[in-house]
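Participant: compute the structure for the input listed below.
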Amino acid sequence: MLTETDLALVDAVQVNPRASWSKIGAILDVSAMTVSRHWARLTGERVVWSGSTMGPRLFRGTILELSCAPGTSEDVIEQLCAMPHVFTVARTTGDYDLYALTVAPTSAAVISSLLGKLDGVQVRARRSTVYTRLYGGPHWRLSVLDPAQSELMRPDAERPLRHVTVDPGDRALFVALAADARRSFTDLAEDLGDTPQMVRRRLERMRRSGLCALRADMARPLAGFPLAALIWARVPHQHLDTIGRHVGSWSAIRFCAAVVHGSNLMLVVNLRTPEQLAEIEARLLAVHPELSITDQRLVLRMCKVNGHLLDDEGRTRGVVPVDPWAT
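Facilitator: Okay, here's the model as predicted:
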């Protein structure tokens, strides 16, 4: 298990993944060298990591649920994990053995995701659902810092940019940041054949235009969350955005999105124990009585999260960079 200092450091980086060590050290009341050394140890032990993720303009796609023929689930997981447009893969209980989240920012990409094939394995059942609006989850954090510390850690607000198109340089930078959001601009510039100043401006433009965001994550079982749950719910259409935004802000939420389905809201939530699922459901129904839960299942193991391949302890063992434009 991680120490309180470790958890506070991870939370600080989750709030602001590219914050300087001196700023983080000042918030945590330790030296910049100390927090840098702690982060290096945690990344070396594969307990924490950071990377790029989709901004709100790109974050839409499909939810795939698969029931595999006996003895084939590992092959299916391996193929899904190798796909750059599949950013999350997990084992579940219930009618389906696996679920996967894809990113498909255009209509053509959505169709490609829905029709994609797996080679050499038999899938006994498959359900594909389109998600259209994301309400919460990609920037999940530990919430160890108090509100004052969190506010001091936040990056300065920036005016959004509109009508920004994606060029090959944007795509290359997004992929280059996949394994480490804290890479220096000098290091990135060497890889991309650009100048550090140009890379800095490109990243700023992508973030302000809603194409790219940065995140930090960790081996969640080591933080006390060995399980998760997938919950499907039905909400009156006129209340969907209000309820989605509220539930999406809960600290336990990993993913919360509007879906084109008989159930129009899908959640993935962190769990400390299997019994906690009933508590989460009771809270949902108490706070939003107009909501009805239509299906749920335990998530036994996360195999891939935002491109990072995870071992049985939830540690990163490699990365397949998420590429929203792969399809």
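
Participant: dump stretch 142-155 to CSV, restricted to CA.
Facilitator: Backbone C-alpha positions of stretch 142-155 (Å, rounded to 0.1, in the frame of the first residue of the first chain) are rendered in CSV as follows:
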residue,chain,number,x,y,z
LEU,A,142,-7.6,10.4,-5.4
SER,A,143,-8.9,13.6,-3.8
VAL,A,144,-6.4,13.4,-1.0
LEU,A,145,-5.5,17.1,-1.1
ASP,A,146,-7.8,19.5,0.7
PRO,A,147,-9.8,22.1,-1.3
ALA,A,148,-7.3,24.9,-0.7
GLN,A,149,-4.4,22.7,-1.9
SER,A,150,-6.3,21.5,-4.9
GLU,A,151,-7.1,25.1,-5.9
LEU,A,152,-3.5,26.1,-5.7
MET,A,153,-2.5,23.2,-7.8
ARG,A,154,-4.9,23.9,-10.6
PRO,A,155,-3.4,25.4,-13.8
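
Participant: which outside residues touch that stretch?
Facilitator: Residues from elsewhere that reach stretch 142-155 (CB atoms under 8 Å, 6 or more residues apart in numbering): 4, 7-8, 10-12, 14-16, 18-19, 23-24, 27-28, 218, 223, 251. Quick note: C-beta positions are derived from backbone N, CA and C, even for glycine.

Participant: just the ones in helices from those residues, please.
Facilitator: 4, 7, 8, 10, 11, 12, 14, 15, 23, 24, 27, 28 (DSSP state H).

Participant: low-scoring stretches of the protein, by residue?
Facilitator: For the chain, the stretches with pLDDT under 70 are 1, 113-116.

Participant: what secondary structure does the most centrally placed residue in the chain sit in?
Facilitator: The structure's the chain has its C-alpha centroid closest to residue 138; by CA atoms, centre = their mean the separation is 3.8 Å. At residue 138 the chain is in coil, as set by DSSP: H, G, I helix; E, B strand; the rest coil.

Participant: over to residue 313?
Facilitator: coil.

Participant: could I get the contacting residues of it?
Facilitator: With contact set as CB under 8 Å, 6+ apart, residue 313 has these partners: 219, 221, 222.

Participant: quick one: which of those residues is most hemmed in?
Facilitator: Greatest neighbour count in these, by other CB atoms under 10 Å, goes to residue 219: 21 neighbours.

Participant: now the phi/psi pair for it, please.
Facilitator: phi -70, psi 100 (degrees, to the nearest 10).

Participant: show me what contacts the residue nearest to residue 22 when sequence neighbours are not counted?
Facilitator: Leaving out its chain neighbours, the residue that sits closest to residue 22 by CB to CB, 6 or more residues apart in numbering is residue 32, at 4.2 Å. Contacts for residue 32 (CB under 8 Å, 6+ apart) come out as 20, 21, 22, 24, 25.

Participant: restricted to buried residues, select these in PyMOL.
Facilitator: Listed next is the PyMOL selection for buried residues among these, using 16 or more other CB atoms under 10 Å:
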select buried, resi 21+24+25
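
Participant: from the contacts of residue 32, pick the one nearest residue 325.
Facilitator: Here the nearest of the contacts of residue 32 to residue 325, counting by CB to CB, is residue 20; it sits at 31.2 Å.

Participant: for the closest one, which non-adjacent residue is closest in space?
Facilitator: Nearest one to residue 20, counting by CB to CB, 6+ apart, is residue 32 at 7.4 Å.

Participant: again with residue 67
Facilitator: residue 125 (3.9 Å).

Participant: show residues contacting the host helix or strand of that neighbour.
Facilitator: Element membership for residue 125 (DSSP states H and E) is strand 123-136. Strand 123-136 is contacted by residues 56, 59-69, 72, 76, 95-96, 101, 110, 113-114, 241, 244-245, 247-250, 253, 255-261, 266 when judged by CB under 8 Å, 6+ apart.

Participant: still on that earlier bit, surely the residue nearest to the centre of the chain and residue 322 touch.
Facilitator: No - assessed by CB atoms under 8 Å, residue 138 is found out of contact with residue 322, at 11.0 Å.

Participant: list residues touching both of those two?
Facilitator: 53, 54, 306.

Participant: tabulate those residues in a markdown table, adding columns for distance to residue 203, neighbour count and secondary structure.
Facilitator: Converted to a markdown table, these look like this (distance: CB to CB, whole Å; neighbours: other CB atoms under 10 Å; DSSP: H, G, I helix; E, B strand; the rest coil):
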| residue | distance to residue 203 | neighbour count | secondary structure |
| --- | --- | --- | --- |
| 53 | 13 | 24 | strand |
| 54 | 14 | 22 | strand |
| 306 | 17 | 21 | coil |
